[in-house]
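Novice: quick check, what structure comes out for this input:
(2 chains)
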Amino acid sequence: MKAIYPQLEQHVVVTIMGAVAAELQAIGHRPSFFYLQHAMGLASSMGLGIALTRPELTVIVLDGDGSLLMNLGGLTTLARYRPKNLIHVVFDNESLLSVGGFPTATSTGSDLAAIASAAGVPRTETVVTIDEFQRAFNGALAAKDLTTIVAKVEAVGPSGYVTDLSLLENRYQFQRHLRNLQQPPSK
Amino acid sequence: MSALPETWLVHLIRMAEEDPEVQLIRLAKEEEGVGISAGAHLAGVRSAMLMQNHGFLASVNGIVSCAQLYRIPLLMLISHRGEFGERDPWQTEGGGVTTHVLDALRIPHTLLDSPDHVAKRINKAQTLAYSASRPVALLLGRDLMWEE
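Specialist: Next comes the predicted model:
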């Protein structure tokens, strides 16, 4: 996540709960970051709602394999409306890390990038190294089209998941930030 | 407006589709609509969800752990199948539990069963959703939606 942080802080970010939210906050919270600390599966749907409402912003959804598997149908909705300002990153550790590390179906071969592609997402890619990830992410920003990047990661996370940022504080700060954003942030 | 089709909702979905001021999002499953409405709200627009009561039942986790946890004003228009007059056997279980589930979730709800009060009640429901920053539900009743 550090590899793309300089770009993340320039844009609107919606994350899932668990390691993704905790690690992004540990690197550095920004008012343009929203962490959906439950409602598994709906981060991509929230990203879609924001992206369609505010086409001038670039919205980055940081999803996970466990969450996406709970809302695979949402991929078809994403593809149907094809917001060109949405980048969908799926950190795939092939497990439900924060609840004991039990393996998900990606550990037995289910291919989320192929599922996204078959759902109609125009740009999809699976990456394994940090270099590949950076290249794919920058490519998605430059392409200005809906992209799903599945980043294969190790199943390691932080020691704890509760952070100092309260859920409602994050929600109201994020809403106020979006209201005050009149122009797309400069690169 | 996010929606999943249902026999009673055909005309409402068509109206949403034809209204230039409304963007209709067709869903694969109703719970997605909770996330989309939450995103739309935080990004600055009003939205509503249009679904059958079984769609509401399928959305409960999203309603609790997205809309209620994050205080999202969510206006839900729910066709209330399975009440008196229902002929489809498969609708009857859902009809019997819908208001109980709404009550268990502490979601304020009222029935729309006559054209006379539809606009007023929708306005009032939306007002409460925003002042309370919580989900509210309008149940679309058989007498309003269906002619035998």
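Novice: quick one: list the elements packing against the helix or strand of chain A with the lowest mean pLDDT.
Specialist: Between all helices and strands in chain A, the lowest mean by mean pLDDT, DSSP states H and E belongs to strand A:95-96, at a mean of 92. If contacts are counted by 3 or more C-beta pairs under 8 Å, 6 or more residues apart in numbering or on different chains; DSSP states H and E, strand A:95-96 sits against helix A:65-69, strand A:102-103. C-beta coordinates here come from the backbone N, C-alpha and C atoms, glycine included.
Novice: next up, phi/psi of the spatially most central residue of chain A, please.
Specialist: In chain A, the residue lying closest to the centroid (C-alpha atoms, centre = their mean) is A:L62, at 1.4 Å. Backbone geometry at A:L62, expressed as degrees, to the nearest 10, gives phi -100, psi 100.
Novice: ok, and the closest non-adjacent residue to it?
Specialist: The shortest distance from A:L62 to any non-neighbouring residue, by C-beta to C-beta, 6 or more residues apart in numbering or on different chains, is to A:T15 (4.2 Å).
Novice: work out for me the element B:G94 sits within.
Specialist: Element membership for B:G94, per DSSP states H and E: helix B:92-104.
Novice: who's in contact with that helix?
Specialist: B:52-54, B:56-57, B:60, B:78, B:80-83, B:86, B:109, B:137, B:139 (C-beta atoms under 8 Å, 6 or more residues apart in numbering or on different chains).
Novice: if we can go back for a sec, who touches the residue nearest to A:L62 in this structure?
Specialist: Contacts of A:T15 (C-beta under 8 Å, 6+ apart): A:A21, A:L24, A:F33, A:F34, A:Y35, A:L36, A:A43, A:V61, A:L62.
Novice: circling back: any idea which of the helices and strands packed on strand A:95-96 gets closest to chain B?
Specialist: Closest approach to chain B among the helices and strands packed on strand A:95-96 (C-beta to the nearest C-beta): helix A:65-69, 11.0 Å.
Novice: can you name every helix or strand that the closest one contacts?
Specialist: Using 3+ C-beta pairs under 8 Å, 6+ apart: helix A:65-69 touches helix A:43-53, strand A:86-92, strand A:95-96, helix A:112-119.
Novice: so what's the gap between that helix and the chain middle?
Specialist: 11 Å (C-alpha atoms, centre = their mean, to the nearest Å).
Novice: related to what we said a few turns ago, could I get the contacts of A:T15 as TSV with distance to A:T76, secondary structure and pLDDT?
Specialist: Putting these into TSV (distance: C-beta to C-beta, whole Å; DSSP: H, G, I helix; E, B strand; the rest coil; pLDDT from 0 to 100) gives the following:
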residue	distance to A:T76	secondary structure	pLDDT
A:A21	26	helix	95
A:L24	27	helix	96
A:F33	27	strand	98
A:F34	23	strand	98
A:Y35	25	strand	98
A:L36	20	coil	97
A:A43	16	helix	98
A:V61	16	strand	98
A:L62	20	strand	98
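Novice: which ones are touching A:A22?
Specialist: A:G157, A:P158, A:G160, A:Y161, A:T163.
Novice: quick one: the strands in the chain?
Specialist: Using chain A. Ranges of strands in chain A, per DSSP state E, are A:12-15, A:33-35, A:59-64, A:86-92, A:95-96, A:102-103, A:123-127, A:147-152.
Novice: wait, I meant chain B there
Specialist: Going by DSSP E, chain B shows strands at B:2-3, B:25-26, B:48-52, B:75-79, B:109-112, B:136-140.
Novice: report all helices and strands that the fourth one contacts.
Specialist: Using 3+ C-beta pairs under 8 Å, 6+ apart as the contact criterion, the neighbours of strand B:75-79 among helices and strands are strand B:48-52, helix B:53-58, helix B:115-132, strand B:136-140.
Novice: ok and the first one relative to helix B:92-104, angle-wise?
Specialist: In this case it means strand B:48-52. 140 degrees (axes from the mean of the first three to the mean of the last three C-alpha atoms, to 10 degrees).
Novice: in strand B:48-52, which residues are buried?
Specialist: B:A48, B:M49, B:L50, B:M51, B:Q52 (16 or more other C-beta atoms under 10 Å in any protein chain shown).
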